[in-house]
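# No letters, just coordinates:
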């Protein structure tokens, strides 16, 4: 496996968590954990952008979003959910409703005060320009195989809110190593250039070499460099899912 560094010591241990590899949490336990964590955090009077996966990723998203909304509604000044499409096709209203857990056309009744947006990666007006990762850094990460400046563009909603909260699963990934976290910014709601370069870098390493790597891979380092330019506070609510006997996750 390809890694250029280990995770910072104690990082995983410092995160609040519920359950472990031998535990399947029921909905009440998940809701109680999310409620406890978000209630204790200083969201009051701030705006929050929630980044979630599209339908190509599996997790109990309606359960998670209901708990997040309940914990934040009435406390935050604005709550926006952005579907981190990368360059996938936008989701229809019917698909969004099923994905987030509300009857079609009844977003306001189910999640009052909430806006839901597809990431419009095809629309230049979608993006805020955060700067550039220099060619020298990309050459360092690629062992000299790639050397181009990488413009860092991200969906405006991320920088126009005080807090960016990532909500979604963590899985082995053939380009990054392990998905989740900052990957929801890039490629999730990022611009074409950083998406392309990250995938070129992953292709040079090969998926067989990189998938499942838990340390800092070159692609993860590139993504983290981009995320470091985001001015909003960044938080993550990550889940690991597994199929159980009754088909639930």
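Looks like it arrived, so ask away. Remember, predicted model here, so these are calculated numbers, not experimental data.
# name the element residue 220 belongs to?
In this assignment (DSSP states H and E), residue 220 forms part of helix 218-227.
# Which neighbours in the sheet does the next helix or strand after that helix have, and how are they oriented?
Sequence order places strand 233-239 as the next helix or strand after helix 218-227, per DSSP H and E. Using DSSP bridges, strand 233-239 pairs in its sheet with strand 163-169 (parallel).
# Run through the helices of this protein in chain order.
11-14, 27-39, 61-72, 93-100, 107-110, 135-142, 156-159, 192-205, 207-210, 218-227 (DSSP state H).
# Run the angle between the fourth one and helix 61-72 for me.
Computed by axes from the mean of the first three to the mean of the last three C-alpha atoms, to 10 degrees, the angle separating helix 93-100 from helix 61-72 equals 80 degrees.
# Check which helices and strands helix 93-100 is in contact with.
helix 61-72, strand 78-84, strand 114-118 (3 or more C-beta pairs under 8 Å, 6 or more residues apart in numbering; DSSP states H and E). Quick note: C-beta positions are derived from backbone N, CA and C, even for glycine.
# Would you point to the one among those that's packed deepest?
Of all those, strand 78-84 carries the top mean neighbour count, a mean of 22, counting by mean count of other C-beta atoms under 10 Å.
# mind checking how far that strand is from the chain centre?
11 Å (C-alpha atoms, centre = their mean, to the nearest Å).
# Flag every buried residue along the helix holding residue 220.
Using 16 or more other C-beta atoms under 10 Å as the test for burial, helix 218-227 gives 218, 219, 220, 221, 222, 223, 225, 226, 227.
# Check those residues against residue 130 and report the nearest one.
Taking C-beta to C-beta as the measure, residue 130 lies nearest residue 226 of the buried residues of helix 218-227, at 7.3 Å.
# Would you quantify the distance from residue 137 to residue 218?
Using C-beta to C-beta, to the nearest Å, one gets 11 Å for the distance from residue 137 to residue 218.
# Now the common contact residues for the two.
Shared contacts of residue 137 and residue 218 (C-beta atoms under 8 Å, 6 or more residues apart in numbering): none.
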